[in-house]
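A.B. asks: Here you go, sequence then predicted model.
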Amino acid sequence: MDGHSSDFDWDTEDELEIENYGPPYSSGVTHPYEEAVVGSAETNSVVSPSCKVIDHFVGMGFSKELVTKAVEENGDENTNLILEALLQYPVMESSLPSSSKSKVIDHFIGMGFSEKLVTKAIQENGEGNTDSILETLLTYSALEKSPAKQHIDSDPSSDMEGSLMEDFSDSDSLYETEETINPDSDEESRLLFLTKMGYTEEEASAAIERCGPDSTIAELTDFICAAQMAKAADSLFPLEVYPRPKPSCNDELKHKKRRFDNDLWKSKKQIRLEMNGDEEALHLPNPMIGFGTPTDPCHVTNRILPESAMGPPYFYYENVALAPKGVWSTISRFLYDIQPEFVDSLYFCATARKRGYVHNLPIENRFPLVPLPPHTIHEALPLTRKWWPSWDTRTKLNCLQTCIASAKLTDRIRKALELPDGEPTPSVQKFVIEQCKKWNLVWVGRNKVAPLEPDEVEMLLGFPKNHTRGGGISRTDRYKSLGNSFQVDTVAYHLSVLKDLYPQGISVLSLFSGIGGAEVALHRLGIPLKNVVSVEISEVNRNILSSWWEQTNQKGTLIHIEDIQQLDDNKIEHMMNHFGGFDLVIGGSPCNNLAGSNRHHRDGLEGKESSLFFDYVRILDTVKRFSSSR
DNA sequence: CTGAAAATGAAGGGCAAG
DNA sequence: CTTGCCCTTCATTTTCAG
């Protein structure tokens, strides 16, 4: 264990009392405001708060006048409100777009239209009439029929201005982008473009030859990446990543348009079927070890990233590996065409967790967290060994999910096993094993199985014991929060390369933070957390992170934001000005519309929650844009 | 004690990969 | 075919405020 984690008692039996922070320790000079920032609204309304709160925000770099104004308007209790107000002020001074208006804009941008078009449509129709705005936007999209080829998503050199998907609605006749080079125009310029991106001429011409004269830059880079991957490590991606040999650019364009136009009157299922029809399948590697594990380091130590993807800022995106077809190629396409690193945490700890990670981190000289976590069920849960029957051959647990088995089920199992004296019959064994695998049951007594306790789940996922305990959280919610979290050892292994890059500490924008898997990983790696802006919708999760922040005596600043859709460009810019930019943007967007166990709304990336992925992309683009202009 | 709200239990029967 | 999956819905039970 490294120095930074040694001040935390990993085996503490004490409950974390979130509401009992105790008296806030006296303000130092470097970090005088922690308790105001960290606490939620209710917890820090105690003594002489006003000036403390004011000092806090002044310390963040806001002017005293503005802070005083914000505190007067919002009271000194709700720091979130104050922060929001502060971030709004400069906007109000300039053009005063009401928050409702920006909401409308965001709404349509979220649907995939470009910011400029949306603004224009709103100007024409008024912000109240969303229907006619939509109609106007769709008309714009239809105008796009002119043979102007898509260029934005395939042109990594154009600044990612405005929307992520301008190619759906953008038309040269509607507004002009300053393009010195149109990479899709002809073979020669595409060749030039690819070499400019850092690919060799051979790679580029081979790709053009292979993908055909009509192929887009995106397809070409896909092909080159796939070829590089295949060359670098057969074990990593044993099958060609994009098996469709000659994708047609026009098809793709039509397909994308269809997806957004027809959304309005087609059932999700129909859309999904269509998507499945022409989306590329992306094959999962076997074994699922990504660029290697601590016990099995891979010989692949570097990879070529598109120039537009290079850090800093670094980013790290996570989601379930077994998503519906086409989801990962879409994710990859929106994240600079970087191939996901698929890893099963099975190779890091005692429990499976198949996930894909898209990131632009270096991959050489990774190192694991120490001590290494237990790698088998027996090591992780030694007390179960005594009761483990020989016919249960499991050595690893399955993926830890958000629900646990009921007491009734474990009781049924006990009764089924108690009947015979000797070995249970094969059919009983089969039933029991099936249920044990399905619900991750472990042996806790003679003929007795039980679901994992929350603290065991915490341990298996690499969190400190009792990380999610206390503060009024229910058992069920603990399982839920844990089931949605990172496996810390896995993520930390990938993030370990940041330690040498940021010895003085790191500023992190943590999206969909949950219970703080990323923060815990960085902390356990011994990377000081200078500033953490955490976006998390769930209050219990925010409390868990705050509590951990206190427990581990963090010296940096922690800021909570509730709703990712409220985090607009202005706020990001101001945050970046105050914190000197972000070094890392990290997060895993909701998977519930992707995950296999969702019978009802497995709608893919277009699903209600999972579509928040596009907010991740939006925010990452913004951070990158402001970083490069700093 | 009573009604509302929260926690729990169980069924559900989808999709993709091997 | 089988297995596995950061799950949702709704009925039922338990807890809690009044």
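C.D. replies: Good, I have the coordinates. Computed from a predicted structure; not experimentally measured. Numbers count the residues shown, from 1 in each chain, chains lettered A, B, ... in the order given.
A.B. asks: use CA for all of it now, contacts and neighbours both
C.D. replies: Noted.
A.B. asks: looking at it, residue A:513 is touching residue A:532, isn't it?
C.D. replies: No - with contacts counted by CA atoms under 8 Å, residue A:513 stays clear of residue A:532, the gap being 10.3 Å.
A.B. asks: Between these two, tell me which one has more neighbours.
C.D. replies: Set residue A:513 next to residue A:532 and count neighbours by other CA atoms under 10 Å: residue A:513 wins out with 26 against 20.
A.B. asks: Not counting sequence-adjacent ones, nearest residue to the more buried one?
C.D. replies: Leaving out its chain neighbours, the residue that sits closest to residue A:513 by CA to CA, 6 or more residues apart in numbering is residue A:536, at 5.5 Å.
A.B. asks: What are the neighbouring residues in contact with that neighbour?
C.D. replies: The neighbours of residue A:536, taking CA atoms under 8 Å, 6 or more residues apart in numbering as the test, are A:511-514, A:542, A:560-564.
A.B. asks: one more time with 6 Å
C.D. replies: Residue A:536 sits next to A:512-513, A:562 when contact means CA atoms under 6 Å, 6 or more residues apart in numbering.
A.B. asks: Tell me how many other residues crowd residue A:324.
C.D. replies: 19.
A.B. asks: For residue A:457, see how far away it is.
C.D. replies: In this view, residue A:324 and residue A:457 are 27 Å apart by CA to CA, to the nearest Å.
A.B. asks: I'd like the average pLDDT over stretch A:362-378.
C.D. replies: Here stretch A:362-378 scores 95 as its mean pLDDT.
A.B. asks: Would you mind naming the helix or strand containing the residue of chain A found nearest DNA strand C?
C.D. replies: Nearest residue of chain A to DNA strand C (CA to the nearest atom of the strand) works out as residue A:596 at 2.9 Å. Assigned by DSSP states H and E, residue A:596 belongs to no helix or strand.
A.B. asks: Enumerate every residue touching residue A:535.
C.D. replies: Taking CA under 6 Å, 6+ apart, we find residue A:535 in contact with A:511-512, A:560-562.
A.B. asks: and it, backbone torsions?
C.D. replies: Main-chain dihedrals, residue A:535, degrees, to the nearest 10: phi -110, psi 120.
A.B. asks: Specify the beta-bridge partners of it.
C.D. replies: For residue A:535, the beta-bridge partners under DSSP bridges are residue A:511, residue A:561.
A.B. asks: And the helices in the stretch 401-550 of chain A, which stretches?
C.D. replies: Along the stretch 401-550 of chain A, counting by DSSP state H, counting those that start in this stretch, helices occupy A:407-418, A:426-439, A:454-461, A:475-483, A:488-495, A:498-501, A:517-525, A:539-551.
A.B. asks: got these as a markdown table, with mean pLDDT, mean neighbour count and distance to residue A:318 columns?
C.D. replies: Formatted as a markdown table, those follow (pLDDT from 0 to 100; neighbours: other CA atoms under 10 Å; distance: least, CA to CA, whole Å):
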| stretch | mean pLDDT | mean neighbour count | distance to residue A:318 |
| --- | --- | --- | --- |
| helix A:407-418 | 91 | 16 | 33 |
| helix A:426-439 | 92 | 16 | 24 |
| helix A:454-461 | 96 | 22 | 15 |
| helix A:475-483 | 94 | 19 | 14 |
| helix A:488-495 | 97 | 25 | 9 |
| helix A:498-501 | 97 | 15 | 17 |
| helix A:517-525 | 98 | 24 | 11 |
| helix A:539-551 | 94 | 21 | 18 |
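A.B. asks: Adding distance to DNA strand B as columns, could you present these in TSV?
C.D. replies: Formatted as TSV, the helices of the stretch 401-550 of chain A follow (distance: least, CA to the nearest atom of the strand, whole Å):
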stretch	distance to DNA strand B
helix A:407-418	4
helix A:426-439	10
helix A:454-461	12
helix A:475-483	4
helix A:488-495	21
helix A:498-501	31
helix A:517-525	22
helix A:539-551	10
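A.B. asks: Go through the ones you listed and name the closest to residue A:580.
C.D. replies: Nearest to residue A:580, of all these, is helix A:498-501, at 16.1 Å by CA to CA.
A.B. asks: quick one: contacts of that closest one?
C.D. replies: residue A:527.
A.B. asks: now do stretch A:521-532
C.D. replies: Contact with stretch A:521-532 is made by A:4-5, A:488, A:492, A:499, A:505-509, A:556-558, as judged by CA under 6 Å, 6+ apart.
A.B. asks: Repeat the analysis, applying 7 Å as the threshold.
C.D. replies: For stretch A:521-532, contacts defined as CA atoms under 7 Å, 6 or more residues apart in numbering pick out A:2-5, A:369, A:488, A:491-492, A:496, A:499, A:503-510, A:556-559.
A.B. asks: now swap in stretch A:389-406 and tell me
C.D. replies: A:350-353, A:376-377, A:433, A:437, A:439-440, A:451, A:479-480, A:483-484.
A.B. asks: again, but for stretch A:441-451
C.D. replies: Here stretch A:441-451 has contacts from A:384, A:387-388, A:404-405, A:410, A:414, A:417-418, A:440, A:452, using CA under 7 Å, 6+ apart.
A.B. asks: list the buried ones in that stretch?
C.D. replies: A:441-444, A:447-451 (16 or more other CA atoms under 10 Å).
A.B. asks: again with stretch A:501-514
C.D. replies: Per 16+ other CA under 10 Å, stretch A:501-514 contains these buried residues: A:505-514.
A.B. asks: possible to save the residues you listed as CSV with distance to DNA strand C and pLDDT?
C.D. replies: Below are the buried residues of stretch A:501-514 laid out as CSV (distance: CA to the nearest atom of the strand, whole Å; pLDDT from 0 to 100):
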residue, distance to DNA strand C, pLDDT
A:505, 25, 97
A:506, 23, 97
A:507, 21, 97
A:508, 18, 97
A:509, 16, 97
A:510, 13, 97
A:511, 10, 97
A:512, 8, 96
A:513, 9, 96
A:514, 9, 95
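A.B. asks: tell me which of the residues you listed is nearest to residue A:468?
C.D. replies: Residue A:468 lies nearest to residue A:514 out of the buried residues of stretch A:501-514, by CA to CA, at 10.7 Å.
A.B. asks: Pretty sure that closest one sits against residue A:541.
C.D. replies: Yes - between residue A:514 and residue A:541 there is a contact at 5.5 Å, judged by CA atoms under 7 Å.
A.B. asks: Endpoints of stretch A:545-559, how far apart?
C.D. replies: Length of stretch A:545-559, first residue to last, CA to CA: 11 Å.
A.B. asks: excluding its backbone neighbours, what's nearest residue A:407?
C.D. replies: Nearest to residue A:407 is residue A:450, by CA to CA, 6+ apart, at 8.0 Å.
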